[in-house]
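> what would the 3D arrangement of this be:
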Amino acid sequence: MKINGNEIRPGNVLEHKGGLWVAVKTNHVKPGKGPAYAQVELKHVTEGTKLNERFRASETVERVRLEQNDYQFLYSEGEMLVFMDLESYEQLEISRDFVGDRAAFLQDGMQVMVESYEGKPLGVSLPDHVTLEVSEADAVVKGQTAASSYKPAVMENGVRVMVPPFIAVGEKIVVDTNELTYVKRAD
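Okay, the predicted model is just below:
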């Protein structure tokens, strides 16, 4: 679907210069002299290279619609992660590197969203919050509670997160998978 250059928003996937690009940042500029334009930072979907482009309002670009399907994480096998389509029950293998550091948050049976274009997976969206058990945490230092202080803790999946001083080993906490931060104690 064609959109004008001034309609590009962060998160849009565009077909540009023979490849697929995701708009990371957009900045609308109205110089004192000349027509207005949108300064857009683009990131190549598969290669990860970045590009800064100017799009005038009169220019049109092709916006790509990605297919979004619900998948369930089954298991990891070496460097491959195996997911199952919840509608067709077909299995999909994706490299651990493709998911990145967030692969540590995958749990058996977790439901994820896989975005694909023409059958090729482009991204995996995990739930925003995951409940994990604290496996290591530093002891509380007495008198350190006057200011809001956090201490490092290691979760059951090996990820380090800063937690409040009252969190102890064995407690379950909710962690934000996007920011890798403590949210709250699990109920």
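
> what segments of the protein are helices?
For the chain, applying DSSP state H gives helices covering 96-99.

> got the domain ranges for it?
Per automatic domain parsing, the structural domains of the chain span 2-63, 67-125, 129-185.

> now the last one: average pLDDT?
Confidence for domain 129-185, expressed as mean pLDDT, is 83.

> then the first one?
Domain 2-63 shows a mean pLDDT of 84.

> rewinding a little: and the domains of the chain as TSV, adding mean neighbour count?
C-betas here are computed from N, CA, C, even on glycine. Shown next, in TSV, are the domains of the chain (neighbours: other C-beta atoms under 10 Å):
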stretch	mean neighbour count
domain 2-63	14
domain 67-125	14
domain 129-185	14
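
> what lies in contact with stretch 113-126?
Outside stretch 113-126, the residues that touch it by C-beta atoms under 8 Å, 6 or more residues apart in numbering are 13, 20, 45-46, 64, 66-71, 83, 92, 94, 98-99, 102, 105-106, 110, 112, 177.

> among the residues you listed, which ones are in strands?
Counting by DSSP state E, the contacts of stretch 113-126 place 13, 20, 67-71, 83, 92, 94, 112 in strands.

> how far away is the nearest residue to Tyr150 once chain neighbours are set aside from Val175?
The shortest distance from Tyr150 to any non-neighbouring residue, by C-beta to C-beta, 6 or more residues apart in numbering, is to Met162 (4.0 Å). For Met162, the distance to Val175 (C-beta to C-beta, to the nearest Å) stands at 11 Å.

> give me the common contacts of the two.
Jointly contacting Met162 and Val175 under the rule C-beta under 8 Å, 6+ apart are 181-182.
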